[in-house]
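1. missing the sequence, but the structure's below:
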């Protein structure tokens, strides 16, 4: 090969690398996950790809139902939720813009935002009926915020905001009077473009995995059981307490 031709090919190769790299940086979307699933990719491999990539997932309750119907594995759904809830909000970061991170040195205002602290109580209620006879592992569970979430006198998440959990265990009542079982894993509370990570226990558990599992059977006891059949039956509007899982800055709404 002539030296001139070799140098031209080398230059083209060098120019092609950044272009190829740029293409691979496109954020993963729900369509990508469904495509990998239908192509037979192993769930563990898809999870690793999610953890190593930029993402732009739709994790609304209906989108999660569509993903499950498409055959997406539970572990992949959990990885998608974790990736989405961990994303910082550009709006909030812009509001914060260089203010002190020490709450003693900062104020809660439209210019600085408000620091919602880990461990703050989040009053929720079930948005729809939930029953251990019909629920399935991986099903999304939707909640509504039952009271304004405030920092001082400022509302940072208004009443009626949506929150999401995932069913982690569902067993209908069995033989010999065996009661049904139902557990959910809390995920996040939606606040504008922010996802506020929430958990189901007051204190942290171990490394505080986001959305500690809540055993609804134990939480509601006899109140959550049907007399005949003993399935866990939770009607819409039933109250549930969750807790903020990590500090987050939010813009006040009032």
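-> Perfect, thanks for sending it. If you're wondering where the values come from, they're calculated on a predicted model, not measured in any experiment.
2. and residue 220, that one's in a strand?
-> No - with DSSP: H, G, I helix; E, B strand; the rest coil as the criterion, residue 220 is helix rather than part of a strand.
3. which one is it nearest to, not counting chain neighbours?
-> residue 234 (6.6 Å; CB to CB, 6 or more residues apart in numbering). Placement of C-beta: from N, CA and C, glycine included.
4. that's a helix at residue 217, yeah?
-> Yes - the assignment for residue 217 (three-state DSSP) places it in a helix.
5. In this model residue 182 seems to touch it, though I could be wrong.
-> Yes - contact criterion CB atoms under 8 Å: residue 217 and residue 182 qualify, at 5.9 Å.
6. Which one of these two is surrounded by more residues?
-> residue 182 (28 against 19; other CB atoms under 10 Å).
7. Need the three-state assignment for that one.
-> From three-state DSSP, the assignment for residue 182 is strand.
8. same question, residue 49
-> Per three-state DSSP, residue 49 ends up helix.
9. quick one on the thing from earlier: mind listing what the residue nearest to residue 220 touches?
-> 126, 129-131, 182, 216, 220, 224 (CB atoms under 8 Å, 6 or more residues apart in numbering).
10. how about 10 Å then?
-> Residue 234 makes contacts with 126, 128-132, 135, 141, 182, 184, 216, 219-220, 223-225, 240, as judged by CB atoms under 10 Å, 6 or more residues apart in numbering.
11. before we move on, the earlier item: what is in contact with residue 217 and residue 182 at once?
-> 132, 169, 171, 224, 232.
12. Pick the one among the residues you listed closest to residue 193.
-> Nearest to residue 193 among the shared contacts of residue 217 and residue 182 is residue 169, at 31.6 Å by CB to CB.
13. Not counting sequence-adjacent ones, nearest residue to that closest one?
-> residue 183 (4.0 Å).
14. What separation is there between that neighbour and residue 71?
-> 23 Å (CB to CB, to the nearest Å).
15. These two - which one has more neighbours?
-> With neighbours defined as other CB under 10 Å, residue 183 and residue 71 compare such that residue 183 has more, 23 against 10.
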